[in-house]
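Undergrad: Can you look at this prediction? I've put the sequence above it.
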Amino acid sequence: MESFLPTIARNSFFSAFGKLSIKLIAFIFTIFIVRYLGDEDYGRYTLIWSYVVVYSMLADAGLGLLAIREIAQKQPGSQYIAANIIIIRVLLALVSMVLILGTVWVLNYDPIFLLQAFLASQILLLYAIHDPLDAVLQAHERFDLSTLAIVIGLLVFVGTGFIFLWFGWHITGVILARLLNVLVSIWLAWRLLAKYRANLQWQIKPRLWPGFLHASLPFGLIKLLLSWSSRIDLIILAWFWPEQMVGWYGAAYALIIGIMVIPNSINAALFPALSRQYARDPANVPHTGEMVLKYLVIIAVPAAAGLSLIASQLIPLLYGADFTPAAIVLPLLIWVAPLAAISEFLRYYLLTINREKPAVWGLVLSVTANIALNFWLIPVYGLIGAAISAIAAEFCLVLLYASQLRTQLKPLKLSRILFTPLLAALIVIIVIGYLPVTGLYWQAVLGSLIYVVFILGFRVVQPAELRELISAISPTRRRAAMNQIKRPYPLVSVFIQTYNCSCFVTQAIESVLKQTYQNFELIVIDDGSTDETAQLLSQYENHPQVKIHYNARNLGISPTWNIALSLCQGELVTKLDADDFFSTEQLETVVDYFQQHPDIGLVFSGLTLLHPEGHREPEMLFRHSRILSRETFLPTLLKRCVMRAPTVFVRKECYDKLGGVVEQMKLHSDWEMWVRITANYPVGFIARRLGTYRLSYGANSTAMAIQQGYSLQDLELWLDLLDKDQLPYHLSESELSTLKWGIYDLIMRFAGIAAYEQQKELHQTYIAFAEKMLRGQTIPVNIIHLRRIYFNFHKSVHALNRRQPLRAGRYFIELLKIRPGRVPEVWGQIRLVFKLVNRTVASVFRRVITYYVL
C-alpha cells in the first residue's frame with residue numbers, strides 16, 4: 001500500500017514554508033501599512049478589500065478547486081480545463097466588478113472610495129488568469145513552484161508598496177502594488193508550467209463550459225460562503241460602528257490568518273493527495289484522514305492557546321497603542337483558528353469523496369447563523385459580538401460536517417485526537433498564568449516545552465510517525481521526491497502493421513498523432529502492400545514522431561510483429577491494426593494506469609465495435625476497472641481471446657523476458673502472446689471504451705485464413721509447443737482442459753461457417769480437429785448433440801452477418817429444438833443472436849425508409 005502521509009507532509013512542508021515566508025513578509029509590511037495609514041484609513045482599506053473578497057467568489061465560481069481535483073485524478077476532459085476556465089473566469093470577473101461598484105454606489109460611499117474600489121476590483125481579472133495556472137501546478141503537487149511564484153510576486157508587492165507609500169499615494173498606492181504583485185506571479189507561473197503545458201490542450205471549447213460550471217457549482221458556493229463567513233462580520237461591523245473599530249477587528253483577524261498558515265498548508269496538500277488516494281486506494285482514505293486531523297489539532301490548539309495568553313502584550317507591540325482595543329477581542333476570536341482548521345479538513349474530506357452537496361449545505365447553514373448572530377450581537381456588543389458569532393458559526397459547521405461523515409469518522413479515535421491536545425493546552429495556560437514568568441520570549445519557550453513534553457509523554461505522536469515525517473522533509477527525501485516528479489513520462493511505442501489497407505491506415509495514424517499524451521513514437525510497417533499505402537505513408541516520413549519501415553515482400557502478421565518489436569524503444573508497447581483507431585485520451589489513460597500499478601505486465605480496456613454499415617456497439621468485459629491475477633483471469637482467456645489489439649498495451653520488459661510472438665502462427669499469435677503474459681504477470685483492465693475495432697464481414701484476412709486452414713495449423717502448433725515445454729509458461733491439467741474447450745468452441749465456429757458456405761471438405765476437417773479436443777475430457781459430453789448445437793448456432797450468426805435473416809431464423813429455431821440449455825457456454829452466447837437480429841431488422845428498416853420515403 002502506498003503511504004500518502006509522507007507526500008502530504010512533504011507538500012505541507014513546501015507549502016507551509018513558502019506561506020510562512022509569504023506571511024512573514026506580508027505581516028511585516030502589513031504592520032508598516034497599519035502604522036502608516038492609522039486606524040481609520042486602515043479600516044477604510046480593509047473595507048475596500050472586504051467588498052472585493054465577498055464578490056471575488058462569484059468570479060472564481062469554484063473552478064480552481066475543480067481544476068485541481070480533475071487534473072489530479074486525470075478525469076476525461078481535464079486537459080482542456082485550464083484554458084477554458086481562464087475565459088470563463090474573465091467573463092465572471094467582469095460581472096463581479098459591476099456588482100462591486102454597484103454595491104459601493106448604492107451604499108453612497110464617496111467618489112474616492114468608489115475609485116479605489118474600482119482599482120481593487122481589477123485584481124479579479126488578474127486572478128482569473130493566475131489561479132488556473134496555479135491550479136495546474138497544485139494538481140501535479142508542485143507546491144514548491146506554486147509557492148515560488150507567489151513569494152516573488154509578494155516581494156514585488158512589498159517593494160512597489162514602499163515606493164508608492166513614499167510617494168504619498170496612501171491607499172491607492174497599496175492597491176496598485178497588489179495589482180503588480182499578481183501580474184508578476186502570472187508571468188512566473190506560466191514560465192514554471194513549461195513541463196506541464198504539453199499535457200494541456202490550449203483550445204477554447206465553449207461546449208464544455210456548461211459542464212465545467214455545473215461541476216464547479218458546489219466548489220463555487222463553498223468559496224462564496226467562505227468569503228462571506230470571513231468578511232461579513234467586518235461589513236456588518238462597519239454599518240453599526242465607526243471605521244476605527246473595523247480596523248481594530250481587522251488587525252486581530254490578521255493574526256488568526258497568520259497562525260492558520262500551517263493548517264491551511266496541510267489541508268491544501270491534503271486535497272490533491274487524498275483525491276489521488278481515493279481514486280487508487282479508497283479503503284485507506286480514513287487512515288490518512290485520521291493522521292492529518294491529528295496533526296492539525298496538535299498544531300492549531302497550542303497556537304490559539306499561546307496567542308490568547310499574550311494578546312495584551314502582542315497587540316501594542318505589533319500595531320501600536322492605537323490598536324490596544326484589539327487585545328480585548330483577540331483572546332476570544334483566536335479560537336476560531338482550530339475550529340476553522342478542523343472544518344476545512346472535513347470539507348476537503350467531503351469534496352474528496354465526491355460529496356459536494358453536504359459541504360455546501362453545511363456552509364449555507366453556518367453562514368446563515370453567522371449573519372443572524374452578527375445582526376443580533378454586533379449592534380449591542382461590537383467587537384465581542386462579532387467574535388462570539390464567528391466562533392459559534394464555526395463550531396456549528398464542525399458539528400454539521402462531522403454528522404455527514406459519521407460513517408467515515410467512526411473508525412477514528414476522535415477522543416484521543418481532540419481531547420489530549422486540548423488538555424495539554426489547558427495545562428499550558430494554567431502553568432503560564434500562575435508562574436511568575438514575564439516576557440513574551442520566555443513565556444513562549446516555557447509553554448512550548450510543556451506542550452511538547454505532554455504530547456510525547458501521552459504518545460499522541462508515535463516515534464515511527466515522527467521519523468517518517470522528518471524523513472519526508474529531509475533533503476535526501478526531498479531530492480528523491482523531486483526526481484520522481486521530474487522523471488519524464490514513459491515513452492510509448494505504437495506500431496501499425498498495414499497490408500493493402502490504404503482506405504483506413506490514415507485514420508489509424510492520425511488517431512495516434514492527435515493523442516493528449518504526446519511522449520510516443522509511432523512505427524508504421526508496410527508489409528509489402530500493392531495498393532496506394534506507400535504513397536499515403538510518404539507524407540509522414542518527415543514527422544519527428546513517426547518512423548516508416550517497408551518490408552521487401554509480404555511476411556505476414558507474426559514476423560512483422562517481431563520486426564516492430566525490434567524497432568520499439570519505449571517502455572510501453574502497443575499494436576494498432578491499420579483498420580482500427582485510438583480514442584484521443586487513450587495513451588494518457590493507459591500510461592496513468594501503468595504508473596498507478598507498476599506490477600502489471602499488460603493492460604487492456606473496453607472498446608467500441610464499428611460495424612461495416614456504420615453501427616457502433618460497446619464492448620466491455622467487466623463493469624469496473626480491476627487487477628486480474630493468473631488464477632482469476634487465465635481460465636477466461638484460455639476459453640476465448642477476450643482482448644482486442646487496439647486496447648492492449650504491454651510493458652516492453654515482458655517481450656524482452658518472454659520473447660516475441662511465435663512467427664509460424666499466422667492467425668492466433670496474439671492469443672498465445674496474451675496467454676503467455678497473463679501466465680507470468682498480473683493484468684490490468686480499464687473499464688472505459690478507449691479504442692475502436694472495425695469489424696468486417698467480407699473477404700478479410702481472417703476469413704481467408706479460415707478458408708486456408710491457418711487456424712488449425714496455429715492451434716496444433718500451440719498445443720505441440722506446450723506439450724514439449726517450449727513456451728515460457730506451463731498450463732496445469734485444468735488450464736489445458738479449458739484451452740481445449742476454447743479451441744473446440746472456436747473451431748466449431750469455423751466449421752459452421754464452412755458448412756454455411758458449402759465447403760464440405762473443410763467442414764469435415766474442422767469437425768475432426770475440434771472433436772479431437774474433447775478426447776480425454778473429464779466431463780462426459782454427447783459429441784453428436786454438441787455438434788448440432790454449435791453448427792446451428794454459428795450458422796445462424798453467420799447468416800445474420802451475411803444479411804440473410806430468414807436463413808438465420810431457420811437455423812436458430814433448429815437450435816432451440818435441440819435444447820441448448822444443457823450447454824451453458826453456448827446458451828450464454830445466444831444473446832448475441834438476438835443482438836444480430838435486432839441489428840438486421842434495424843438495417844432493413846432504414847433501407848426501406850431510404851428507398852421509399854427519401
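TA: Perfect, I can see it now.
Undergrad: Find the nearest non-adjacent residue to Ile378, please.
TA: Using CB to CB, 6 or more residues apart in numbering and skipping residues adjacent in sequence, the residue nearest Ile378 is Gly385, 4.5 Å away. Quick note: C-beta positions are derived from backbone N, CA and C, even for glycine.
Undergrad: Could you look up the SS state of that neighbour?
TA: helix (DSSP: H, G, I helix; E, B strand; the rest coil).
Undergrad: Asn500 too?
TA: Look at Asn500: counting by three-state DSSP, its state is coil.
Undergrad: Hmm, Ala534 and it touching each other?
TA: No. With contacts counted by CB atoms under 8 Å, Asn500 stays clear of Ala534, the gap being 10.9 Å.
Undergrad: Quick one: residues contacting Ala300.
TA: 259-260, 262-263, 337-338, 341-342 (CB atoms under 8 Å, 6 or more residues apart in numbering).
Undergrad: Let's see that with 7 Å instead.
TA: Neighbouring residues of Ala300 by CB atoms under 7 Å, 6 or more residues apart in numbering: 263, 337-338, 341.
Undergrad: immediately after the helix or strand encompassing Arg347, which helix or strand?
TA: Per DSSP states H and E: Arg347 is located in helix 336-352. Reading on from helix 336-352 to the C-terminus, the next helix or strand found by DSSP H and E is helix 356-381.
Undergrad: orientation of that next one relative to helix 336-352 in degrees?
TA: 160 degrees (axes from the mean of the first three to the mean of the last three CA atoms, to 10 degrees).
Undergrad: buried stuff in helix 356-381?
TA: Judged by neighbour count using 16 or more other CB atoms under 10 Å, the buried positions of helix 356-381 are 356, 358-360, 362-363, 366-367, 369-371, 373-374, 377-378.
Undergrad: what does stretch 642-653 give?
TA: Residues of stretch 642-653 classed as buried: 643-652 (neighbour count, 16+ other CB under 10 Å).
Undergrad: for stretch 523-533, same thing?
TA: By 16+ other CB under 10 Å, the buried positions in stretch 523-533 come out as 523-529, 533.
Undergrad: what's in contact with stretch 589-600?
TA: With CB under 7 Å, 6+ apart, stretch 589-600 has contacts from 74, 280, 489-490, 492, 517, 572, 603, 627, 649, 681-684, 686, 688, 690.
Undergrad: Now list the buried members of the residues you listed.
TA: Here, 16+ other CB under 10 Å leaves 74, 489-490, 492, 517, 572, 603, 649, 681-684, 686, 688, 690 buried among the contacts of stretch 589-600.
Undergrad: Out of those, list just those in helices.
TA: Nothing among the buried ones among the contacts of stretch 589-600 maps onto helices, per DSSP state H.
Undergrad: show me what contacts Arg651?
TA: 571-572, 601.
Undergrad: Now do stretch 548-558: everything it contacts.
TA: Stretch 548-558 has contacts (CB under 7 Å, 6+ apart) with 497, 499, 523-528, 537, 540-541, 560, 567, 661-663, 665-666, 669.
Undergrad: model confidence over it, on average?
TA: Throughout stretch 548-558, pLDDT has a mean value of 92.
Undergrad: Would you indicate which residues of that stretch are buried?
TA: For stretch 548-558, using 16+ other CB under 10 Å, the buried residues are 548-549, 551, 555-558.
Undergrad: what would those residues look like in CSV with secondary structure and distance to Arg694?
TA: Below are the buried residues of stretch 548-558 laid out as CSV (DSSP: H, G, I helix; E, B strand; the rest coil; distance: CB to CB, whole Å):
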residue, secondary structure, distance to Arg694
Ile548, strand, 22
His549, strand, 23
Asn551, coil, 23
Leu555, coil, 23
Gly556, coil, 20
Ile557, helix, 16
Ser558, helix, 21
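Undergrad: For those, work out which two are farthest apart.
TA: Farthest-apart pair in the buried residues of stretch 548-558 is Ile548 and Ser558; separation 20.6 Å (CB to CB).
Undergrad: and the protein, what are its domains?
TA: 5-476, 488-695 (automatic domain parsing).
Undergrad: Extract the C-alpha set from the helix or strand that contains Asn181 and format it as CSV.
TA: Per DSSP H and E, Asn181 falls inside helix 170-192. C-alpha atoms of helix 170-192 as CSV (Å, rounded to 0.1, in the frame of the first residue of the first chain):
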residue,chain,number,x,y,z
HIS,A,170,-1.6,56.1,0.5
ILE,A,171,-4.5,53.5,-0.1
THR,A,172,-4.3,53.9,-3.8
GLY,A,173,-0.6,53.1,-3.9
VAL,A,174,-1.0,49.9,-1.9
ILE,A,175,-3.8,48.8,-4.2
LEU,A,176,-1.6,49.4,-7.3
ALA,A,177,1.2,47.4,-5.6
ARG,A,178,-1.2,44.5,-5.1
LEU,A,179,-2.1,44.5,-8.8
LEU,A,180,1.6,44.4,-9.8
ASN,A,181,2.1,41.5,-7.4
VAL,A,182,-0.4,39.3,-9.2
LEU,A,183,0.9,40.3,-12.7
VAL,A,184,4.4,39.1,-11.8
SER,A,185,3.0,35.9,-10.3
ILE,A,186,1.1,35.2,-13.5
TRP,A,187,4.3,35.6,-15.6
LEU,A,188,6.3,33.3,-13.3
ALA,A,189,3.5,30.6,-13.1
TRP,A,190,3.4,30.5,-16.9
ARG,A,191,7.2,30.1,-17.1
LEU,A,192,7.2,27.4,-14.4
